[in-house]
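Undergrad: Fold the following and give me the result.
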Amino acid sequence: MSNFWIAWIFILTFICLFLVTGLLIATTRSQRKQNTMETTGHNYDGIEEYDNPMPAWWLGLFVSTLIFAVIYLVLFPGVWKGVLGWTQIKQLEAETEKHTRQYAPLFKQYAAQSIEALQSNSRAIKMGQRIFLNNCTICHGSDARGAFGFPNLTDGNWLWGGASDEIKYSVMEGRSGQMPAWGVIIGEIGVRNVSAYARSLSGIDTGFSKTDLNNGKKVFDTTCSVCHGVEGKGNKLLGAPNLTDHIWLYGSSQSQVMYTVRNGRNGIMPPWKEILGDEKVHLVTAYIYSLSHKKDDP
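TA: Okay, the predicted model is just below:
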């Protein structure tokens with residue numbers, strides 16, 4: 001935070017404290033010193049308000065909050081950096097160091113075990129789940145079932161491979177997939193026909209004629225098969241999806257598939273190695289692996 005905003009908050013805070021204190025003093029001086037049976041003249045549905053002084057306990061509590069506020073501003077950032085020198089960064093570093101001392105031995109212990117071996121360790125899987133919930137749910141959801149444009153991690157369908165080392169590489173290094181835009185190259189009729197053919201590979205009744213589907217196959221063979229394969233079963237080396245199953249990252253409707261073919265898609269999985277480190281990545285990979293490789297705990 002710049003010195004300007006520090007000064008602004010400092011000045012504004014003390015102006016508010018000064019005004020509140022002045023209002024309290026003025027109100028105290030103007031009120032009665034003793035209790036009375038007289039009322040203020042206010043009447044609310046037959047309920048009248050006595051014109052008595054503020055209770056001493058309430059007044060004392062209010063004054064104590066003002067004193068606490070002044071002391072807090074002096075000790076902590078408020079009067080510039082505060083006499084204690086406390087900062088959010090120092091607090092975070094202290095908590096991070098404490099966390100590291102407490103859990104580092106356990107992380108190292110689990111990192112020395114294979115991901116497959118960790119499947120039978122419920123504590124390790126729960127730790128991986130907590131890491132997942134704190135970092136991965138914004139895209140994949142708290143249940144890891146994904147959303148539009150974000151893959152479901154529980155179905156066993158993996159664009160880049162579902163082996164333990166392949167999943168760990170995806171988490172560590174990230175992935176960048178690209179479906180090029182074909183609209184300008186094959187034209188709108190080609191987009192329509194090849195989209196229908198691609199949908200038919202997964203058993204969808206497209207409603208298109210055999211002629212249209214055959215024309216779509218011709219377009220597919222000359223433009224799409226290089227990535228998705230002649231049979232449309234995909235290529236994990238390229239992150240090209242299998243078009244013969246029932247899993248569609250962006251939806252299987254004709255309009256969505258046409259949009260994909262016409263305009264392309266760009267999917268990015270960010271790398272987490274710098275944020276989580278190898279040991280935490282190892283644990284979260286074990287959890288992700290467990291979602292599609294079920295194994296009962298002993």
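Undergrad: All the strands of the protein, in order from the start?
TA: Here the chain has its strands, by DSSP state E, at 39-44, 47-50, 175-179, 265-269.
Undergrad: got a list of what residue 159 touches?
TA: Going by CB atoms under 8 Å, 6 or more residues apart in numbering, residue 159 touches 151, 175, 177, 234, 236, 239, 240, 241. For glycine as for every other residue, the C-beta is placed from the backbone atoms N, C-alpha and C.
Undergrad: Among those residues, name the buried ones.
TA: Neighbour-count burial (16 or more other CB atoms under 10 Å) applied to these gives 151, 177, 234, 239, 240, 241.
Undergrad: Including pLDDT, could these go into JSON lines?
TA: Below are the buried ones among the contacts of residue 159 laid out as JSON lines (pLDDT from 0 to 100):
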{"residue": "151", "pLDDT": "94"}
{"residue": "177", "pLDDT": "86"}
{"residue": "234", "pLDDT": "94"}
{"residue": "239", "pLDDT": "92"}
{"residue": "240", "pLDDT": "94"}
{"residue": "241", "pLDDT": "94"}
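Undergrad: with those residues in mind, which one is nearest to residue 89?
TA: Distances from residue 89 to the buried ones among the contacts of residue 159, taken as CB to CB, are shortest for residue 151 (35.5 Å).
Undergrad: quick one, phi/psi of the closest one?
TA: Main-chain dihedrals, residue 151, degrees, to the nearest 10: phi -70, psi 150.
Undergrad: roughly how far apart are residue 247 and residue 258?
TA: 18 Å (CB to CB, to the nearest Å).
Undergrad: Among the contacts of residue 159, which one lies nearest to residue 219?
TA: residue 240 (16.2 Å).
Undergrad: quick one: the closest one and residue 228 touch, right?
TA: Yes. Contact criterion CB atoms under 8 Å: residue 240 and residue 228 qualify, at 5.0 Å.
Undergrad: overlap in contacts of the two?
TA: residue 234.
Undergrad: picking that back up, make TSV from the buried ones among the contacts of residue 159 and add distance to residue 98 to it.
TA: Converted to TSV, the buried ones among the contacts of residue 159 look like this (distance: CB to CB, whole Å):
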residue	distance to residue 98
151	35
177	39
234	46
239	40
240	46
241	44
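Undergrad: what's the closest of those to residue 126?
TA: Relative to residue 126, the closest of the buried ones among the contacts of residue 159 is residue 151; by CB to CB it sits at 22.8 Å.
Undergrad: For that closest one, which residues are in contact?
TA: The neighbours of residue 151, taking CB under 8 Å, 6+ apart as the test, are 140, 157, 158, 159, 249.
Undergrad: Sitting in helices, which of those do you find?
TA: Using DSSP state H, the subset of those located in helices is residue 140.
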